[in-house]
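Undergrad: Turn this into a model:
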Amino acid sequence: MNPKLVRQAVILLVEDNPADVLMTRSAFEDFKITNTLHVVEDGVEAMAYLRQEGEFAGTPRPDLIMLDLNLPRKNGREVLAEIKEDAALRNIPVVVLTTSKAEQDILQAYDLHANSYIVKPVGFVSFVEAIKSIKDYWFSLVTLPTEINNGQDQPSHPAD
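TA: Next up is the predicted model:
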């Protein structure tokens, strides 16, 4: 058991492709990832969720956002820019998880302060492994701002 986490981490997946949502949920099940996964289908819903507006009033603040770039109504670049410009949201890590390998998209995502950029692997097994890697990195190695905000600012690894 990881002493860092006294509660389940909350992950917001911003993804409009039902197949990718299903694969993500399957990856959570296959690797027994018990973190809470919330899914919204477009950029407008993502911002409403993050700002706890309308149907999302009272939703938990995510510890991590997995964001597709190609979204309807408001694209992932716009969402990323809004998140990182908002003092209340900017400390939430954002992992861009998209099909785009375009250099311009990668550079723009990092210019907008994305924390990671991952090109979605083709095929179920590779996709599931990528989700597991995200989980292992962000919830086993990294100390998240929400851990500090919750009074859990203990070291990632106990002293030897």
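Undergrad: give me the element Val128 is part of.
TA: Applying DSSP states H and E as the criterion places Val128 in helix 124-136.
Undergrad: Packing partners of that helix?
TA: Contacts of helix 124-136 with other secondary structure elements, assessed using 3 or more CB pairs under 8 Å, 6 or more residues apart in numbering; DSSP states H and E, are made with helix 18-30, strand 94-98, strand 116-119. (C-beta placed from N, C-alpha, C; glycine too.)
Undergrad: Go again with 7 Å.
TA: helix 18-30 (3 or more CB pairs under 7 Å, 6 or more residues apart in numbering; DSSP states H and E).
Undergrad: mind listing what Tyr117 touches?
TA: By CB atoms under 7 Å, 6 or more residues apart in numbering, the contact list for Tyr117 reads 96, 106, 109-110.
Undergrad: Any chance of TSV for these, columns pLDDT and neighbour count?
TA: Supplementary listing: the contacts of Tyr117 in TSV, determined by pLDDT from 0 to 100; neighbours: other CB atoms under 10 Å:
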residue	pLDDT	neighbour count
Val96	95	26
Ile106	95	17
Ala109	96	23
Tyr110	96	13
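Undergrad: Show me those residues that map onto helices.
TA: Within the contacts of Tyr117, membership in helices is found for 106, 109-110, as judged by DSSP state H.
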